[in-house]
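Chemist: fold the following, please.
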Amino acid sequence: MNDSLPFEPAIQGVRDAGACEPPETTLLPFEQPVFLVGMMGAGKTTIGRHLARILNREFMDLDHELEARCGVRVSLIFDIEGEEGFRKREMAALDECSRKRGIVLATGGGAVLSPQNRRYLKERGVVVYLRASAEELFRRLARDRSRPLLQTADPQARISELIAQREPLYESVADLTVETGVMPVAQVVRVLVPMLQQHEVLP
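Modeler: Predicted structure coming up:
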C-alpha cells in the first residue's frame with residue numbers, strides 16, 4: 001500500500017548527493033492529473049513525491065487519502081471490512097481524487113482491479129505504470145509487515161501471483177511504462193519527466 005519504505009535508502013542517497021536531483025522545476029504542457037499505477041513496492045509514493053516536486057504539482061497518495069478519511073491504517077480497514085469493503089472505499093476516493101487537475105496521484109496496487117477505476121484512470125489523466133520484477137519487489141518488501149495481502153506463509157509466491165493477475169490490467173490503462181528496477185529515485189524521475197513532456201494529451 002504505502003510505497004515509501006522500500007525506496008527510503010535510495011532517497012537518502014539522492015538527498016546526500018544533491019547533484020543527482022533534476023536541476024529545476026519542469027512544467028508539463030497539460031493540466032490533467034498524472035496517475036501512478038503498479039505493484040506494492042514499485043515506488044509509487046516515493047517516486048510520486050519527487051515527480052510532483054519537479055513538476056510543481058500537488059502530490060496525493062490514494063491510500064493516505066483513505067486513511068485520512070477513515071482515521072485508521074489501511075491494514076485495519078482490511079481487518080475490519082475485508083478486501084471488498086476496502087475496495088468500495090478505494091473506488092469512492094479515486095473518483096473524487098481523479099477529478100483534480102494538476103496533481104500527481106499514487107494509486108494503491110490493487111486499484112486497477114475495478115473496471116470502474118480503470119475507466120476513471122484512462123479517461124481523466126495520464127497513467128504511468130511503474131514496473132518491477134517479482135524478485136525486486138520481494139527484496140523491497142521482505143521486512144514490511146504492513147501489507148495485508150502479503151501476510152501469507154510464502155509472500156514471494158504471493159507477489160508472483162499478484163503480478164500475474166494485475167500486470168495485464170496495469171498495461172491496459174498505462175499511457176507510459178517505466179522499469180524501476182534498481183534505479184535510484186532521481187534517475188527514474190529523470191527518465192519519466194521527458195516522457196511526460198512529449199506525451200500528447202487530448203484536450
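
Chemist: skipping adjacent residues, who's closest to residue 118 in space?
Modeler: residue 173 (5.2 Å; Cβ to Cβ, 6 or more residues apart in numbering). All C-beta spots, glycine's among them, are computed from the backbone N, C-alpha and C.

Chemist: tell me the spacing between that neighbour and residue 100.
Modeler: Distance from residue 173 to residue 100, counting by Cβ to Cβ, to the nearest Å: 18 Å.

Chemist: so those two - more neighbours on which side?
Modeler: Using other Cβ atoms under 10 Å as the criterion, residue 173 and residue 100 rank with residue 173 on top: 20 against 15.

Chemist: what's downstream of whichever strand or helix holds residue 82, the next helix or strand?
Modeler: Using DSSP states H and E, the element containing residue 82 is helix 74-97. Counting by DSSP H and E, the next helix or strand C-terminal to helix 74-97 is strand 103-106.

Chemist: quick one: strands adjacent to that following strand?
Modeler: strand 34-37 (parallel), strand 58-61 (parallel) (DSSP bridges).

Chemist: burial of residue 157, as a residue count?
Modeler: Residue 157 has 12 nearby residues by other Cβ under 10 Å.

Chemist: A strand includes it, no?
Modeler: No: read with DSSP: H, G, I helix; E, B strand; the rest coil, residue 157 is helix and lies in no strand.

Chemist: so where's this protein uncertain?
Modeler: Along the chain, segments meeting pLDDT under 70 span 1-23, 141-153.

Chemist: sorry, back to before: flag every buried residue along the helix holding residue 82.
Modeler: Within helix 74-97, the residues scored as buried using 16 or more other Cβ atoms under 10 Å are 74-75, 77-78, 86-87, 89-91, 93-94, 97.

Chemist: starting at the chain centroid, how far to that helix?
Modeler: Remark: helix 74-97 is offset 16 Å from the chain centroid, using Cα atoms, centre = their mean, to the nearest Å.
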